[in-house]
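In: Next come a sequence and a model predicted from it.
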Amino acid sequence: METKKFVLLDVDYVTRYGRPVVRLFGKILEEDKPIIALDHDFQPYLYLLPQDLEMCRKELAPFEVQKIEKMGLKDNDGKLKDFLKLTLTHPREMLQLKKQIQNLKSVQAVREYDIPFPQRYLIDKGLFPLSEVEVQGKVLKSNETCLMEIRKRPRPVKSGLPQLNILSFKIETTSSQDRPRVRTDPVILIGFSSNQGFQKIFSTTSSSSDFVETVPTEKELLEKFVKTIKSMNPDLITGYNSDKYDFPYLQGRADLLGVALHLGMDGSPLKFTTLPKKSAAIKGRVHIDLYRVARRHLQLTEHTLQSVYQELLKEEKMDIPLDQLPTYGGDAGMEKLLRYSLEDTRAISQIGEKLLPLVMEIARLVGQSLFDVTRRGSGYQVEYLLMRKAYQYGYVVPNKSGTYLRDVVGGYVEEPVPGLHENIFYFDFRSLYPSIIVAKNISPDTLTEDENEECHVAPEFGYRFMKEPVGFIPMVTDQILKDRIRIKAMMKETTDPAERQILNFRQQALKTFISTIYGLFNHSTYRWYSIEASEAITAWGRDYLKKTMEDAEKHGYRVLYADTDGFYATLKY
């Protein structure tokens, strides 16, 4: 057997002879070569909570289940229960079987039937995208891409943020209308810029500029696009609004001209997904639309390429308004358009240098693919992190409720005192809601109505949360809080600016997770939805803020304004 170590970029599965085969796409750093590692031995499964164990086994006999095992696991109420683990042949059988067995008399609940198969694999194997993985097995091919069959359990390897090959691109089109139309307006140039120094414009218009290569027709321009991606062999492909514009437009023109956009590491074509949003996906190469990333992580009034570039790079770039692009004809106008396109493509690369480390750290922390991280919100990311922790701590993941109960009263707000004030002090609770979750042990599995249990009792509502044992959500929250404090201490100690920046990205990601955990208690689509937990947290928050304001008044302060986790005050004279 041979051993290969690579950075995990993406994961999916294909069907071979009626069975799922997991594919790990990665980059062998030592060889600077892509790899596809195949795992034939992982099978889908779900959990079943029986009313009666023996009756349940009998009722399951007619169904095509490959294996049934009894497992002792913690339920959402924190109690250890006997579950049945049902192993199936193929992921497509999961929902069908769930529908068939959920109404059996002996079945109380069906669990973990809706976790996507590739994510299930990553959770169970303890693998994290953008971290290194070591696999052992048989190398089937070793040409431009290594194809390997895994024979032993993959092993996660502790590693830092990887250095990957990143290729940015941008297209320009002609248009006789306000906006270009796929059926009538051709692509006239495609710009590339990579972190390996490659910068080139391919155009159907001749130019004297050394960064421009001319091709005779639009069809050859699209073929050049495919050849460039294959020859550059990037790990990441970045664009700006490329999910909604560049890739759909390229696909539309390619369909009209009969050009196959086979861009995947495995030779597969460009594909478009609709979940969670319309996105362009390339197998084995992670496509990142930096516009989506900028929208999520930068608080700006607008997120044009120009404004985001200026915010991150602190300088302006050449700009041509969209409504003026069709007017750039003639030699002089076309040269300006070519230069503009090159600068735009460079700008996309530079924006990527600023934003990618943050989203890469998020992917490494939660264990989601970079493709998903850049297209889903923090709520989904935190839920996925909790699913990993549930597996680690021996909990069965609860099903989504989907039933919204009622609105929750938020934090306490005191209207500002009108006027001009001096010598203002700000009193702020650090991580108020997460701290309450930990201090009061707030979690669905600690909520109880038992009067004999020693509990924390929530003000206003009287909800009771057991003081022991530590609940699942407080356990995870406390670990995140401690990790963030530890990372911030490391930032102060390091003298390496690059290391400090990476640590800063990591603590920012953890800060987002911390603030998101509370909010998801109040979302009915959240697996750990708990209206009691949400109401208790805000009630304790209001109680702490009001009491602190009263103490401040006793010590000579006058409160000017209060909101949720802090207040402004001035000293009385």
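Out: Nice, I can see it. Quick caveat: nothing in here was measured; it's all calculated off a predicted structure.
In: Return the per-residue confidence for the residue nearest to residue 222 when sequence neighbours are not counted.
Out: Nearest in space to residue 222, with sequence neighbours left out and distances taken as C-beta to C-beta, 6 or more residues apart in numbering, is residue 259 at 4.4 Å. For the C-beta atoms, the positions are set from N, CA and C on the backbone; glycine is no exception. Per-residue pLDDT puts residue 259 at 97.
In: Repeat that for the one 4 residues further on.
Out: In the predicted model, residue 263 carries a pLDDT score of 97.
In: The chain should start at 801 in everything you say after this.
Out: Sure, I'll start numbering at 801, so the last one becomes residue 1063.
In: show me what contacts it?
Out: Shown in contact with residue 1063 (C-beta atoms under 8 Å, 6 or more residues apart in numbering): 1026, 1029-1030, 1037, 1069-1070, 1082, 1085.
In: and the helix or strand of the chain with the lowest mean pLDDT, how far from the chain's centre?
Out: Every helix and strand of the chain was ranked by mean pLDDT, DSSP states H and E. The lowest is helix 1297-1320, at a mean of 86. Here the centre of helix 1297-1320 is set off from its chain's centre by 13 Å, with C-alpha atoms, centre = their mean, to the nearest Å.
In: who touches the residue nearest to residue 1022 in this structure?
Out: Contacts of residue 1059 by C-beta under 8 Å, 6+ apart are 1019, 1022-1023, 1026, 1053.
In: hmm, try it at 7 Å
Out: Counting by C-beta atoms under 7 Å, 6 or more residues apart in numbering, residue 1059 makes contact with 1019, 1022-1023.
In: How about residue 1210?
Out: Applying C-beta under 7 Å, 6+ apart, the residues contacting residue 1210 are residue 1338.
In: Give me the distance between it and residue 1363.
Out: 10 Å (C-beta to C-beta, to the nearest Å).
In: returning to that earlier point: ok, then the element right after the least confident helix or strand of the chain?
Out: Using DSSP states H and E, the next helix or strand after helix 1297-1320 towards the C-terminus is helix 1331-1354.
In: who does that next one touch, helix- and strand-wise?
Out: Helices and strands in packing contact with helix 1331-1354 are listed as helix 1232-1239, strand 1357-1363, strand 1366-1371; criterion 3 or more C-beta pairs under 7 Å, 6 or more residues apart in numbering; DSSP states H and E.
In: what's the angle between that helix and helix 1297-1320?
Out: Using axes from the mean of the first three to the mean of the last three C-alpha atoms, to 10 degrees, the inter-axis angle of helix 1331-1354 relative to helix 1297-1320 is 110 degrees.
In: Quick check: buried residues in helix 1331-1354?
Out: 1331-1342, 1344-1345, 1348-1349, 1352 (16 or more other C-beta atoms under 10 Å).
In: go on, stretch 1110-1118?
Out: Neighbour counts over stretch 1110-1118 (16+ other C-beta under 10 Å) mark 1110, 1112 as buried.
In: residues in contact with residue 1117?
Out: 1106, 1109, 1143, 1147.
In: In terms of helices and strands, where is it?
Out: Counting by DSSP H and E, residue 1117 is part of no helix or strand.
In: For residue 1140, see how far away it is.
Out: Distance from residue 1117 to residue 1140, counting by C-beta to C-beta: 9 Å.
In: and for these two, which residues touch both?
Out: Shared contacts of residue 1117 and residue 1140, defined by C-beta under 7 Å, 6+ apart, are absent.
In: residue contacts, the nearest residue to residue 878 once chain neighbours are set aside?
Out: Of all residues not flanking residue 878 in the chain, residue 1245 sits nearest, at 3.1 Å (C-beta to C-beta, 6+ apart). Applying C-beta under 7 Å, 6+ apart to residue 1245 gives the contacts 876-878, 1271-1272.
In: The same query, at a cut-off of 8 Å, please.
Out: Residue 1245 sits next to 874-878, 1271-1272 when contact means C-beta under 8 Å, 6+ apart.
In: Which two of the residues you listed have the greatest separation?
Out: Using C-beta to C-beta, those reach their maximum pairwise distance at 875 and 1271, which is 12.8 Å.
In: picking up where we left off before, top of the contacts of residue 1059 by number of neighbours, please.
Out: Among those, residue 1022 has the most neighbours (other C-beta atoms under 10 Å), with 26 neighbours.
In: dump the residue contacts of that residue.
Out: Residues near residue 1022 by C-beta under 8 Å, 6+ apart: 987, 1050, 1053-1054, 1057, 1059, 1061.
In: that's a strand at it, yeah?
Out: No. Looking at residue 1022 with DSSP: H, G, I helix; E, B strand; the rest coil, it is helix, so not inside a strand.
In: pLDDT score for it?
Out: 98.
In: Residue 934 too?
Out: Residue 934 carries a pLDDT score of 97 in this model.
In: just residue 879 next, same as before
Out: pLDDT at residue 879 comes out at 93.
In: Then residue 801?
Out: 88.
In: Could you do residue 1121 as well?
Out: pLDDT for residue 1121: 59.
In: cool, and residue 1179?
Out: We have a pLDDT of 88 for residue 1179.
In: hang on, residue 964 is in a helix, isn't it?
Out: No. Assigned with three-state DSSP, residue 964 falls outside any helix and is coil.
In: Quick check: chain neighbours aside, which residue is closest to it?
Out: Residue 964's closest residue in space is residue 1035 (C-beta to C-beta, 6+ apart), at 4.0 Å.
In: thinking again about what came up before, any of the contacts of residue 1245 buried? List them.
Out: Among these, those classed as buried by 16+ other C-beta under 10 Å are 874-876, 878, 1271-1272.
In: Of the contacts of residue 1059, which is the nearest to residue 942?
Out: Closest to residue 942, out of all of those and judged by C-beta to C-beta, is residue 1023, at 27.5 Å.
In: mind checking how far the residue nearest to the spatial centre of the chain is from residue 1309?
Out: Of all residues in the chain, the one closest to the mean position by C-alpha atoms, centre = their mean is residue 1173, 1.8 Å from it. Residue 1173 sits 10 Å away from residue 1309, taking C-beta to C-beta as the criterion.
In: which residues do these two both contact?
Out: Common neighbours of residue 1173 and residue 1309, using C-beta under 8 Å, 6+ apart, are residue 1162.
In: wait, is residue 989 part of a strand?
Out: Yes. Applying three-state DSSP, one finds residue 989 inside a strand.
In: what about the nearest residue to it once chain neighbours are set aside, neighbour count?
Out: Computed as C-beta to C-beta, 6+ apart, the closest residue to residue 989 that is not its neighbour in sequence is residue 1003, at 3.9 Å. Per other C-beta under 10 Å, the neighbour tally for residue 1003 reads 24.
In: re earlier: which of the contacts of residue 1117 sits closest to residue 811?
Out: Nearest to residue 811, judged by C-beta to C-beta, of the contacts of residue 1117 is residue 1147 at 31.2 Å.
In: OK, contacts around that closest one?
Out: 1105, 1109, 1113, 1117.
In: With adjacent residues omitted, what lies nearest to it?
Out: Spatially, and ignoring its direct neighbours in sequence, residue 1147 is nearest to residue 1109 (4.7 Å; C-beta to C-beta, 6+ apart).
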